[in-house]
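[1] take this sequence and fold it.
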Amino acid sequence: MAINLISGALAWGENSLPVGGVAIAEAVNAVLGGTNSANAPVMLMVGNFKFSLNTAAFSEMTRTTGAAWGTVPRIGQYDAMQFTGPGPDTLELPGVIFPDMFGYASTLDQLRNMMLQGQPYRLILGDGSIIGLWAITGIRETKSSFKSDASARRIEFSVSLAKYADV
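    Predicted coordinates for the structure are as follows:
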């Protein structure tokens with residue numbers, strides 16, 4: 001099977017069939033392995049869930065790390081401060097899924113099911129770095145560009161994670 005992206009034709013053996021973007025995307029997903037990360041590089045793993053072009057590709061990663069400080073008020077001076085330990089450590093992973101091309105609408109349901117299990121998951125970056133246990137604390141989903149059957153062509157998402165205290 002061969003895909004000519006310029007002419008929009010799908011060649012199967014000796015036959016060449018004109019197809020639209022959806023059929024091309026389905027053929028590409030079939031070659032790449034569907035929702036499995038298959039040939040698409042893994043960007044990040046939360047537990048066994050792989051963020052990749054075939055599942056859900058995030059467009060940026062924002063990590064916010066805080067510190068906890070105790071304060072004691074003093075008359076006529078700034079408050080005395082003492083470091084009491086690490087504060088919250090969070091990650092935001094916004095991205096877009098185009099179900100007709102890459103990824104599937106059900107991908108976010110897999111993450112929701114993981115979140116509702118109430119378990120922390122090992123977070124592994126695409127370069128293999130393990131950055132500890134993290135809990136999925138929220139998933140935001142916005143669907144747009146609807147087709148006639150009310151399915152979305154574009155699904156924007158944001159996954160929120162918080163560092164789980166390694167005791």
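
[2] any idea how far A80 is from R74?
    6 Å (CB to CB, to the nearest Å). Heads up, the C-betas are built off the backbone N, CA and C, glycines and all.

[3] show me the shaky parts of the protein.
    Low-confidence segments of the chain, defined by pLDDT under 70: 1-39, 167.

[4] which parts of it are strands?
    2-4, 9-12, 15-18, 44-46, 49-51, 57-58, 62-72, 80-97, 121-125, 130-146, 152-163 (DSSP state E).

[5] got JSON lines for those, with distance to R112 and mean neighbour count too?
    What follows is the strands of the chain, written out as JSON lines (distance: least, CB to CB, whole Å; neighbours: other CB atoms under 10 Å):
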{"stretch": "strand 2-4", "distance to R112": "33", "mean neighbour count": "13"}
{"stretch": "strand 9-12", "distance to R112": "34", "mean neighbour count": "14"}
{"stretch": "strand 15-18", "distance to R112": "37", "mean neighbour count": "10"}
{"stretch": "strand 44-46", "distance to R112": "12", "mean neighbour count": "21"}
{"stretch": "strand 49-51", "distance to R112": "11", "mean neighbour count": "21"}
{"stretch": "strand 57-58", "distance to R112": "16", "mean neighbour count": "19"}
{"stretch": "strand 62-72", "distance to R112": "21", "mean neighbour count": "11"}
{"stretch": "strand 80-97", "distance to R112": "14", "mean neighbour count": "15"}
{"stretch": "strand 121-125", "distance to R112": "13", "mean neighbour count": "17"}
{"stretch": "strand 130-146", "distance to R112": "6", "mean neighbour count": "14"}
{"stretch": "strand 152-163", "distance to R112": "10", "mean neighbour count": "19"}
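
[6] can you put those strands in a markdown table and add distance to G103?
    Listed next are these as a markdown table, based on distance: least, CB to CB, whole Å:
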| stretch | distance to G103 |
| --- | --- |
| strand 2-4 | 18 |
| strand 9-12 | 21 |
| strand 15-18 | 24 |
| strand 44-46 | 14 |
| strand 49-51 | 10 |
| strand 57-58 | 7 |
| strand 62-72 | 21 |
| strand 80-97 | 4 |
| strand 121-125 | 20 |
| strand 130-146 | 12 |
| strand 152-163 | 8 |
